[in-house]
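1. Give me the fold of what follows.
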Amino acid sequence: MKNTLIALAAAGLVSFGAAAQAGDATAGQSAYATCVGCHGAAAEGGVGPKLAGQAAADIVAKLHKYKAGEQMGPMTSMMAPMAAGLSDADMENIAAYVSSL
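-> Sure thing, here's the model as predicted:
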């Protein structure tokens, strides 16, 4: 019984942690305004790749890599400076918005 309660409590904390890290799509919509020129108003792609349909966690991971200066492909020279000014919250918010499209 005690082990069951501990397991349930741990599961609750993990779920809470995931929810606490979810971005704010409304704030992300505002921040995404700088992305529209390359990724499109509905994240459908254009100069940059299509983002709509990608998981939020994948978008955040890519933004972190760009911010760290990792070579991610032919658009790295354009994306690295864009990601450099983003906070973790900005990344989460943009990802929440884009993944909602």
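
2. least trustworthy helix or strand in the chain by mean pLDDT?
-> helix 2-21 (a mean of 44; mean pLDDT, DSSP states H and E).

3. need the next SSE after that one, C-terminal direction.
-> Per DSSP states H and E, helix 2-21 leads on to helix 25-32 as the next helix or strand towards the C-terminus.

4. Would you check the distance separating that next one from the middle of the chain?
-> Relative to the centre of its chain, helix 25-32 is centred 11 Å away, using CA atoms, centre = their mean, to the nearest Å.

5. pLDDT averaged over that helix, what's the number?
-> The pLDDT scores in helix 25-32 average 96.

6. likewise stretch 52-63?
-> Stretch 52-63 carries an average pLDDT of 97.

7. That one: how far from the chain's middle?
-> For stretch 52-63, the distance to the chain centre is 5 Å (CA atoms, centre = their mean).
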